[in-house]
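Structure, please.
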Amino acid sequence: MKKHWEAAFEDFAQNVLTESRAPGLIVGLNKDGESLYKKSFGYRDAEQRLELTPDTVMGLASVTKSFTCMAIMQLQEAGKLSVHDPVITYLPELRTPDRAKTEQMTIHHFMTHSAGFPPLPADSLAVKNSMLEVPLDENHPIYRFLKKEDVKPIETFADYLDTFNKQEYELLGAPGQYFSYSNDSYSLLGGIIHRVSGKPYDVYVKDHILDPAGMRSSTFYLSDLPKFPDVTTIYHYRESNDGLEVYPDPDWEDGLVVAASGFLHSTLRDMLNYAEIFRTGGLVGKERILSEESVKEMMRPHIRCSYDRYYGYGLMIQPDFFGQTMVEHGGAIKGVATQLTILPECGITAVSYANLVGTPVGELVTAAINTVVGRPAAASASIYREYHVPVEKMGRYVGRFISGEGADLSVMLEEGALQIVHNESITGNRSKEKYPLQPIGEDYFLVNVKGRALSVGFMTEDDGEVKAISYGFRIIPKEKK
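Okay, the predicted model is just below:
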C-alpha cells in the first residue's frame, strides 16, 4: 500500500513527464544510507517500451564536476598540489587577454567558476556528436570568439589548449570577483589532474573514486556502453511541421578530451552510492574516499552564484532549504538531465535522471523531498520579495546578450514590462519565445522558463550602465553598439 506522500509525489512526477515530453525519468531517495524510495516513470526506450531501472546507465553531464573537484582534493591531501596554487604552475602554456590576471588565477578560482571567463566555445569544439555539429551560418556567435580557420574539431588536450588560447574575449573581472559557470575551467582542471597525477583524468577518477566507491556501472567511455545490459536510449529535439519533435538520437555526445567538465556515465544505484561520500564525510561503507575536512571544503559556500545559492567545489549550496542546507548539482547535455542532491543534516541523498535535456529533474527531486516530510510537492524554499523598478529605469536592461556557448538572448521592454527572448539556442532552434521578468531586488529578476524558476541578474558599470546578464548561472556580455 502506498504511503500518502508517495501518491502526491507520483502525481507531480507524472505531470513532469507529460509536460516535459521526456520519454523516461527515474528518481531515488536514500535516508541514512538505506533506500527510502525508487520509482521510474516512462521508458528508457520508448519505442521498445523498456523501463528505466536503478541499473540503467545514463549520462551525468555536469554532475561530473563534483568528481573533478574530489580528484583535486585527493591530490591536495596527497601533497601534490594546493587549491591555492596558481594555475600556470601546472599549465604554463595558458594564455588569456590579461597576463597579470592569468598569473592571479588559482585552482580554487577554476573550481568555483570565478577565474573571470565568460562562456566560451572551445570546450564545445572538443565534443563529438554535440549540439554544435549543425551547419553554422556566418553570423553564428562562435565567430565572435574564434577566427573561422580556428573553428575545427579538437582531438587532444594540446589541441584544446591551443584553441582556448586563440579565443578573443574580455575577462569579466579579476579572479574571484564574479561567478560565471565555466565548462572550460573544469576541462583545464582535467589537464592539471593528468599532469600532477601522471594519469589521464578518466583513468585517475576510475582508479581513485569509481573503483573504491564500488561504482561498477560507471564509465567515461562510449565504447563501454554495449557491455552493459541496461543502457538508456537518448532523445533529442528537432524541428518538424508540428513544432519541436522528440526523437531517439543514436549519437551520444563524446568528450573524452574535456571529460572533466561533464562526460561520465552512471546509474541511479551507483550515484546513490557516490552520494554517501558527502553524507558520511568521506566514506562509502568502510572505504575512505576523501577526508572529512576535504568534504566540508567541497560543500562550503565559497561564492554566490545566484539570488539564493552559492557554489562550493563542484557543488551548489542552498544554505536555507526550509532550515537545512541543500547541496546539489545538475547536469544537462543532449539526451541527459541529471540531478544529485544531499541534505547532510537529515541524512537524505537523492538522484534523478531523464533521457531528454531540459527535463526539470531538480524540481522533481525537491518535490520528492517535500512530500516525504509532508510539504506540498511544489513548495519552494526560495523567498522572493516584491520589488519595484520605475519604468524610466527599465530601459537600461534592454539589449542583446550573446554567449560563446551559443546562447543568444534579448531583453525587451513592452508595455512597461521587461521580457527576455531566446533568439537562438545552441541547437539552432529559433524559438523566439518571450518570458516575463519579475523584479525581486536591485538588478535581480525572476523568470519562469517551462516550469523552472530562474533568477536573473544584471552586471552594471560604475555609471549604472548594464554590461552583462547573469542567466543560467553564466555571465553573458551585452552586445556593444
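
Tell me the predicted confidence for H140.
Confidence at H140, expressed as pLDDT, is 80.

Tell me how far the closest residue to it other than its chain neighbours lies from K2.
Counting by Cβ to Cβ, 6 or more residues apart in numbering, G406 is the residue found nearest to H140 once chain neighbours are left out, at 7.7 Å. To be clear about C-beta, it is placed using only N, CA and C from the backbone, and glycine gets the same treatment. When distance is defined by Cβ to Cβ, to the nearest Å, G406 is 43 Å away from K2.

With neighbour numbers in mind, choose between the two.
Set G406 next to K2 and count neighbours by other Cβ atoms under 10 Å: G406 wins out with 20 against 9.

Three-state assignment for that one, please.
Put simply, G406 is coil when judged by DSSP: H, G, I helix; E, B strand; the rest coil.

so who does the nearest residue to G176 once chain neighbours are set aside touch?
Spatially, and ignoring its direct neighbours in sequence, G176 is nearest to S114 (5.2 Å; Cβ to Cβ, 6+ apart). By Cβ atoms under 8 Å, 6 or more residues apart in numbering, S114 lies in contact with 175-180, 303.

likewise D202?
Applying Cβ under 8 Å, 6+ apart, we find D202 in contact with 220-221, 256, 259.

Tell me which of these fall in strands.
Among the contacts of D202, none falls in strands (DSSP state E).

how about the residues you listed, which pair is most distant?
Y221 and A259 (9.5 Å; Cβ to Cβ).

more crowded one of those two?
Using other Cβ under 10 Å as the criterion, Y221 and A259 rank with A259 on top: 23 against 14.

end to end, how far does stretch 85-96 reach?
End-to-end span of stretch 85-96 (Cα to Cα, to the nearest Å): 18 Å.

the helices in this structure, which residues?
4-20, 64-77, 99-104, 107-111, 122-125, 157-166, 183-197, 201-205, 268-280, 292-298, 361-372, 391-394 (DSSP state H).

Mind checking these for the one nearest to T232?
Ranking those by proximity to T232 (Cβ to Cβ) places helix 268-280 first, at 11.0 Å.

List the contacts of that closest one.
If you take Cβ under 8 Å, 6+ apart as the criterion, helix 268-280 is touched by 26, 28, 30, 32-33, 35, 38, 53-56, 60, 63, 70, 209, 213-218, 266, 283-285, 289-290, 295, 298-299, 315, 327, 340, 342, 344, 347, 349-351, 353.

cool, and stretch 169-179?
Applying Cβ under 8 Å, 6+ apart, the contact partners of stretch 169-179 are 96-98, 101, 104-106, 109, 112-118, 120, 145, 180, 303-305, 311, 404, 459, 468, 473, 475, 477.

who does the longest strand seen in the chain pair up with?
Longest strand in the chain, counting residues (DSSP E): strand 34-45. Note on strand 34-45: by DSSP bridges, its sheet partners are strand 24-31 (antiparallel), strand 50-51 (antiparallel).

pLDDT weak spots in the chain?
1, 131-134, 424-431, 451 (pLDDT under 70).

Domain boundaries for it, per the record?
For the chain, automatic domain parsing gives the domain ranges 1-383, 391-477.

Could you say which of these is packed most deeply?
Greatest average neighbour count among the domains of the chain goes to domain 1-383 (a mean of 19), per mean count of other Cβ atoms under 10 Å.

how distant is it from the center of its chain?
Chain-centre distance of domain 1-383: 5 Å, with Cα atoms, centre = their mean, to the nearest Å.

need the strands for the stretch 251-400 of the chain, in chain order.
Using DSSP state E, counting those that start in this stretch, the strands of the stretch 251-400 of the chain run over residues 265-266, 283-284, 287-288, 303-304, 310-311, 316-321, 324-333, 336-343, 348-354, 399-402.
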